[in-house]
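Colleague: Fold the following for me, if possible:
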Amino acid sequence: MPTSTDSEHTTRLPPGLRLLIVEDHDFQRQLLAGLLRRLGAEEVFEATCGRSALELMATLEPPADIVISDLDMPGMDGMEFIRRVGESWHEPALIIVSALEPSLIRSVRTMATAYGLSLLGTIKKPATPRELLTALHNYKPDQRRYRPPPMAASYSVADLEAGLAGDQFEPFFQPKVELATGRLCGLEALARWRHPEHGVLSPHAFIDTMEARGLIDALTDIMIDKASAWCACWRNRDLDIQVSVNISIQSLADVGLAESLIERVRRQGLDPCHMILEITETAVMIDVGRVLENLARLRMKGFTLSIDDYGTGYSSMQQLTRIAAGELKIDRSFINYASLHKEGRVILKSNLEMARKLNLATVAEGVETPDDWALLYEYGCDQAQGYLIARPMAADAVEDWAQKWDPERWLIELSSR
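Modeller: Below is the predicted model of the structure:
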């Protein structure tokens, strides 16, 4: 029997939410606002179109937690509004309320997820209190995501060259663990820039410029050197792991890449079999011959090849079979979508089944909640990484983290959440 507390939880909104309704139709907007207030919402803001919503969001402090938006609006429609929100420094969760046909709404759901937004649900107009409550209770305050505000000035080529010359770039490492046992099995090396004035910067601050201005190979060399050196160090201290490094599409077109990587890894006293090279599935769509030559040589020398961000590019069975890959990484957008939608679970399950048939190990990125973990475990995914396990950390913090990591205790605590 449900308790009074359970009943109250299911018929009232989580406390403290700041909600923004974006709807051009006055009656529909007022209806939604009234419903939300009757359900216990204390702070409800309203906007009549995407443009006015963006202007309002820029003034809200603290920002809105959840945006409830229509799609078909004059001026800036819901699709453009979602894109603009996805590109902003603050990423609220999203609920779509629309009268448009289901196939179009499914497409917009995928688009919203691709822009990095947490989609709590889609509701057919007119929204009912039950539908709103179901979507709103999907919101997880501890998973609220923010992007750093854009800096006033972007970094110039001279800034980046100075950073490279000053040895300011380094890998941070995010653990990968087995879903079945919780055992630490690997680490992904993620590029970071220790800027002398602005602190530690993530790749969004420098990768695009490096790729556009021919500096990406220098960064790749640094990442391979430092990641393989740390991997050799940890393995010498009985940490049985592999380390993954991302390889740029541009670098893969250089026929000398394979020999260079092999030499660099061996110079650190590490066998290539302990390194995983992550490449995007679109890599084999440019300069196909050179890319496949590099990948075949790297695989022949013992590196594991991993197909990164699977499903976000031009996926096809042909793309997978072109590469002698040993691992498939499922993009975080699939994980987030599957947690909330039946269609997403069908897609996730079919991708994992396909990978098993191709003898590919599977790694889920962006695992953030116990529900994500439980779903992946049920569907037979091999490994997971994400904030639920650990955030990326500096190299000198890895060994201490690994010593404190207790797989059995972790699985017990996870099952109780």
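
Colleague: Phi, psi for the closest residue to Arg417 other than its chain neighbours please.
Modeller: Ranked by CB to CB, 6 or more residues apart in numbering and with sequence neighbours excluded, the top spatial neighbour of Arg417 is Pro370, at 4.5 Å. C-beta: built from backbone N, CA, C; applies to glycine. Backbone dihedrals for Pro370, given as degrees, to the nearest 10, come out at phi -60, psi -30.

Colleague: what residues are up against Pro370?
Modeller: 388, 414, 417 (CB atoms under 8 Å, 6 or more residues apart in numbering).

Colleague: go on, Leu39?
Modeller: For Leu39, counting by CB under 8 Å, 6+ apart, the contacting residues are 11-13, 129, 132-133, 136.

Colleague: Which members of those residues are classed as buried?
Modeller: Buried members of the contacts of Leu39, scored by 16 or more other CB atoms under 10 Å, are 13, 132-133, 136.

Colleague: Tell me which entries of the residues you listed lie within helices.
Modeller: Secondary structure of those is defined by DSSP state H; positions in helices are 132-133, 136.

Colleague: Name the nearest of the residues you listed relative to Val85.
Modeller: Closest approach between these and Val85, by CB to CB: Leu136, at 17.7 Å.

Colleague: From Arg38, how far off is the closest one?
Modeller: 13 Å (CB to CB, to the nearest Å).

Colleague: What of Ala402?
Modeller: Taking CB to CB as the measure, Ala402 and Arg38 are separated by 51 Å.

Colleague: who has more neighbours, the two?
Modeller: Here Ala402 and Arg38 are set side by side on neighbour count (other CB atoms under 10 Å), and the busier one is Ala402, at 16 against 11.

Colleague: helices and strands of this structure: which one has the lowest mean pLDDT?
Modeller: Here the helix or strand of the chain ranked lowest by mean pLDDT, DSSP states H and E is helix 4-11, holding a mean of 44.

Colleague: With only the CA atoms kept, save the helix or strand hosting Ser350 in CSV.
Modeller: Element membership of Ser350, judged by DSSP states H and E, is helix 342-357. Extracted in CSV, the C-alpha atoms of helix 342-357 (Å, rounded to 0.1, in the frame of the first residue of the first chain):
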residue,chain,number,x,y,z
LYS,A,342,11.1,2.9,-25.0
GLU,A,343,12.4,3.6,-28.5
GLY,A,344,15.8,4.5,-27.1
ARG,A,345,16.0,1.2,-25.2
VAL,A,346,15.2,-0.7,-28.4
ILE,A,347,18.1,1.1,-30.2
LEU,A,348,20.5,0.6,-27.4
LYS,A,349,19.7,-3.0,-27.0
SER,A,350,20.1,-3.7,-30.8
ASN,A,351,23.4,-1.9,-30.9
LEU,A,352,24.8,-4.0,-28.0
GLU,A,353,23.5,-7.2,-29.6
MET,A,354,25.1,-6.2,-32.9
ALA,A,355,28.4,-5.5,-31.2
ARG,A,356,28.4,-9.0,-29.5
LYS,A,357,27.7,-10.6,-32.9
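
Colleague: mind listing what's buried in the longest helix along the chain?
Modeller: Ordering each helix of the chain by length in residues (DSSP H) puts helix 216-236 first. For helix 216-236, burial by neighbour count (16+ other CB under 10 Å) applies to 216-217, 219-220, 222-224, 226-235.

Colleague: Repeat that for stretch 269-277.
Modeller: Within stretch 269-277, the residues scored as buried using 16+ other CB under 10 Å are 270, 272, 274-277.

Colleague: From those residues, pick the one nearest Lys124.
Modeller: Nearest to Lys124 among these is Ile276, at 44.1 Å by CB to CB.

Colleague: secondary structure class for that closest one?
Modeller: strand (DSSP: H, G, I helix; E, B strand; the rest coil).

Colleague: quick one, domains of this protein?
Modeller: Taking automatic domain parsing as the domain assignment, the ranges for the chain are 4-146, 157-415.

Colleague: which stretch of helix or strand covers Glu293?
Modeller: Per DSSP H and E: Glu293 is located in helix 288-300.

Colleague: got the CA positions of that helix in CSV?
Modeller: In CSV, the C-alpha atoms belonging to helix 288-300 read as follows (Å, rounded to 0.1, in the frame of the first residue of the first chain):
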residue,chain,number,x,y,z
VAL,A,288,39.9,6.1,-47.1
GLY,A,289,43.0,4.4,-48.4
ARG,A,290,45.5,6.2,-46.1
VAL,A,291,43.2,5.9,-43.1
LEU,A,292,42.6,2.2,-43.5
GLU,A,293,46.4,1.6,-44.1
ASN,A,294,47.2,3.3,-40.8
LEU,A,295,44.5,1.5,-38.9
ALA,A,296,45.5,-1.9,-40.3
ARG,A,297,49.2,-1.3,-39.4
LEU,A,298,48.3,-0.1,-35.8
ARG,A,299,46.1,-3.2,-35.3
MET,A,300,48.8,-5.5,-36.6
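
Colleague: Can you list the buried residues in it?
Modeller: For helix 288-300, by 16+ other CB under 10 Å, it's 291-292, 294-295, 297-299.

Colleague: ok, back up a step: just the mean pLDDT for the next helix-or-strand element following the longest helix of the chain, thanks.
Modeller: The element immediately downstream of helix 216-236 (helix or strand, assigned by DSSP H and E) is strand 242-246. Per-residue confidence for strand 242-246 averages out to 97 on the pLDDT scale.

Colleague: Report the inter-axis angle for strand 242-246 versus helix 216-236.
Modeller: 170 degrees (axes from the mean of the first three to the mean of the last three CA atoms, to 10 degrees).

Colleague: Against which helices or strands is strand 242-246 packed?
Modeller: Here strand 242-246 is seen to pack against strand 169-178, strand 184-195, helix 216-236, strand 275-280, strand 304-310 when contacts are counted using 3 or more CB pairs under 8 Å, 6 or more residues apart in numbering; DSSP states H and E.

Colleague: Of the ones you listed, give the one that comes closest to Arg51.
Modeller: Go through those one by one with CB to CB and the one that ends up closest to Arg51 is strand 304-310, at 31.8 Å.

Colleague: What strands line up against that closest one, and which way round?
Modeller: For strand 304-310, the paired strands and their directions (DSSP bridges) read strand 275-280 (parallel), strand 327-330 (parallel).

Colleague: Sort out which residues of stretch 237-255 are buried, please.
Modeller: Residues of stretch 237-255 classed as buried: 241-254 (neighbour count, 16+ other CB under 10 Å).

Colleague: beta partners of Pro171?
Modeller: Each beta-bridge partner of Pro171 is listed here, defined by DSSP bridges: Ala191.
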